[in-house]
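> Okay, predicted coordinates and the sequence, questions at the end:
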Amino acid sequence: MNALHFGAGNIGRGFIGKLLADSNIHVTFVDINQTQIDQINQQKQYGVKIVGDNSRIEIVKNIDAINSVDEEALLNKITTVNLITTAVGPNVLKIIAPTLAKGLVKRFENNNTQPLNIIACENMVRGTSFLKENVFQYLNDEQQQQVEQLVGFVDSAVDRIVPPAELNSDDPLQVTVEEFSEWIVDQTQFKGSIPAIQGMELTDNLMAFIERKLFTLNTGHLVTAYLGKQAGVKYIKDTIILENIKSKVKATMEESGAVLIKRYNFDPSAHSAYIEKIIKRFENPYLDDDVNRVGREPIRKLSQNDRLIKPLLGTIEFNLPNEHLIEGVVMALQYRNQDDPQAIELAEYIEQNGLDSAVKHYTGLTNEAIISKIITLYNE
Ligand SMILES: NC(=O)c1ccc[n+]([C@@H]2O[C@H](COP(=O)([O-])OP(=O)(O)OC[C@H]3O[C@@H](n4cnc5c(N)ncnc54)[C@H](O)[C@@H]3O)[C@@H](O)[C@H]2O)c1
Ligand SMILES: O=P(O)(O)OC[C@@H](O)[C@@H](O)[C@H](O)[C@H](O)CO
């Protein structure tokens, strides 16, 4: 089997690419970073350093890479592979959509009628469906029908903490990952037979899993990052061990958890254990995960379907406490980082248009009482 994977970054190399290669699938990485592409093609392998109680380095082989600007090579790959995956970040899905559409058209012109499955592995609710909508904008009715018949757009939830790797001159491609990993895919969306990939779990209830992950781990992670940033701490592991911060993070995850329990009927004690396990993962002493990585792209994180606003809306729907989620929103609005284009854009928007307008613009919130609480807290 052959797979094309967009994004040779942390999750691409440290998680999805590794699972595919471990399952004897040849992986071609697509990226925009030529240095990395050259390294993959020269080394033809890299190490994944798994850190925890049983630390070890596992080698990923059977790989090559192409640059996404090399359209000919990319279209040829899309024409022949059996699986396409992505880990590029939600904002990049729109950018790769036109090339994917072109590649699918070429695949049909070449009479390749083998089923193809596409799985976006991003931190977003139904990211692959979002990618599909974008791909369809570049296809006519007939092409869309062909895609509906032969191409499965499979939504997924991905969970493994992979911070940016430390410099390693012996293996510049090496990534450091935690032991824990979870890749859950919507089994109802595949076309043809489901590929056998070790570590890829199937479900027919994906929404519960993706929301549980995004609105527990990622909500708590973000609040840890912003509290750490405000306290002047660099890493997540050093932030979460501060008792006053840990209790706030836990309280935030309990607020979003109460919504999940209502919505999906989760067992409260199992959900509580899930939260405790996540806190332990944040504490992993071997992971140097910078608060700015976890806090990155505050505009995306303030959007309506993401880790703060969606659970906050849930608390309004079910009339549940939301004091800590509101604090999370305020900290996202206050996040400043000169290296993060979204943090700069957000600060400039607030400066030029005022906070009330910024809250409405970025979060889509309309509840005036909540907006007023956000503004009061921000100004305090
Ligand atoms: N790192 C984690 O702990 C983690 C865990 C779970 C999910 N995720 C999600 O996985 C996705 C990727 O995150 P990451 O941490 O690996 O980010 P990353 O920045 O390490 O990797 C993204 C890669 O995509 C590449 N890229 C950018 N534009 C591209 C394009 N047009 N074509 C091809 N490649 C392109 C970048 O050069 C980079 O190598 C995100 O959606 C993130 O939310 C991350
Ligand atoms: O990747 P983001 O920016 O959506 O979120 C930052 C982190 O919370 C995230 O990457 C986690 O490490 C990951 O989701 C763990 O599975």
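Happy to help now that I have it. Values in this document were obtained by computation on a predicted structure and should not be read as measured data. Numbers count the residues shown, from 1 in each chain. Ligands and ions are numbered 1, 2, ... in the order given.
> Only C-alpha atoms from now on, for both contacts and neighbour counts.
Will do.
> Point out the residues in this structure that sit beside ligand 2.
Residues of the chain found near ligand 2 (Cα under 6 Å from any ligand atom) are 123, 158-162, 218, 221, 294, 296.
> need the helices for the stretch 251-380 of the chain, in chain order.
Along the stretch 251-380 of the chain, counting by DSSP state H, counting those that start in this stretch, helices occupy 268-282, 291-294, 298-301, 309-318, 323-334, 341-353, 355-363, 368-379.
> ditto for the stretch 51-200 of the chain
Assigned by DSSP H, counting those that start in this stretch, the stretch 51-200 of the chain shows helices spanning 71-80, 93-109, 127-136, 141-150.
> how about the ones you listed in TSV, adding mean pLDDT?
Output for the helices of the stretch 51-200 of the chain, formatted as TSV (pLDDT from 0 to 100):
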stretch	mean pLDDT
helix 71-80	97
helix 93-109	98
helix 127-136	98
helix 141-150	98
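> Ok, which of those helices comes nearest ligand 1?
helix 93-109 (5.7 Å; Cα to the nearest ligand atom).
> Go ahead and name everything in contact with the closest one.
Helix 93-109 has contacts (Cα atoms under 8 Å, 6 or more residues apart in numbering) with 71, 74-76, 78-80, 131-132, 134-136, 138-139, 143, 146-147.
> quick check, stretch 70-84 touching ligand 1?
No - judged by Cα under 6 Å from any ligand atom, stretch 70-84 stays clear of ligand 1, getting no closer than 10.4 Å.
> And for that stretch, what's in contact with it?
With Cα under 8 Å, 6+ apart, stretch 70-84 has contacts from 1-6, 30, 66-68, 99-100, 102-104, 106-108, 110, 112, 114-119.
> Which entries within the residues you listed meet the buried criterion?
Buried members of the contacts of stretch 70-84, scored by 16 or more other Cα atoms under 10 Å, are 2-6, 30, 66-68, 99-100, 102-104, 106-108, 115-119.
> Quick one, which of the contacts of helix 93-109 are buried?
74-75, 78-80, 131-132, 134-136, 138-139, 143, 147.
> Could you find the two of these that are most distant from each other?
The distance between the two most remote of the buried ones among the contacts of helix 93-109 (Cα to Cα) is 21.5 Å, for Thr80 and Asn134.
> Number of residues surrounding the closest residue to Thr176 other than its chain neighbours?
Beyond its immediate neighbours in the sequence, the residue positioned closest to Thr176 (Cα to Cα, 6 or more residues apart in numbering) is Lys49, lying 4.6 Å away. Lys49 has 19 neighbours, counted by other Cα atoms under 10 Å.
> Need the residues that contact the strand or helix carrying Lys49.
Per DSSP states H and E, Lys49 falls inside strand 45-51. With contact meaning Cα under 8 Å, 6+ apart, strand 45-51 is reached by 13-14, 40, 55-63, 171, 173-179, 286-287.
> Could you state which residue of this protein sits nearest its centroid?
Asn123 (2.4 Å; Cα atoms, centre = their mean).
> if I pick that one, what's in contact with it?
Contacts for Asn123 (Cα under 8 Å, 6+ apart) come out as 89-90, 157-158, 214.
> Roughly how far does it sit from ligand 1?
4 Å (Cα to the nearest ligand atom, to the nearest Å).
> Got the confidence number for that residue?
Asn123 is assigned 97 on the pLDDT scale.
> circling back: ligand 1 is nearest to which of the helices of the stretch 251-380 of the chain?
Nearest of those (Cα to the nearest ligand atom): helix 291-294, 8.1 Å.
> Return the distance of that closest one from the chain's centre.
13 Å (Cα atoms, centre = their mean, to the nearest Å).
> Which residues belonging to that helix are considered buried?
For helix 291-294, the neighbour count (16+ other Cα under 10 Å) marks 291-292, 294 as buried.
> will you turn those into JSON lines that also has distance to His361 and pLDDT?
Formatted as JSON lines, those follow (distance: Cα to Cα, whole Å; pLDDT from 0 to 100):
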{"residue": "Val291", "distance to His361": "25", "pLDDT": "98"}
{"residue": "Asn292", "distance to His361": "23", "pLDDT": "98"}
{"residue": "Val294", "distance to His361": "23", "pLDDT": "98"}
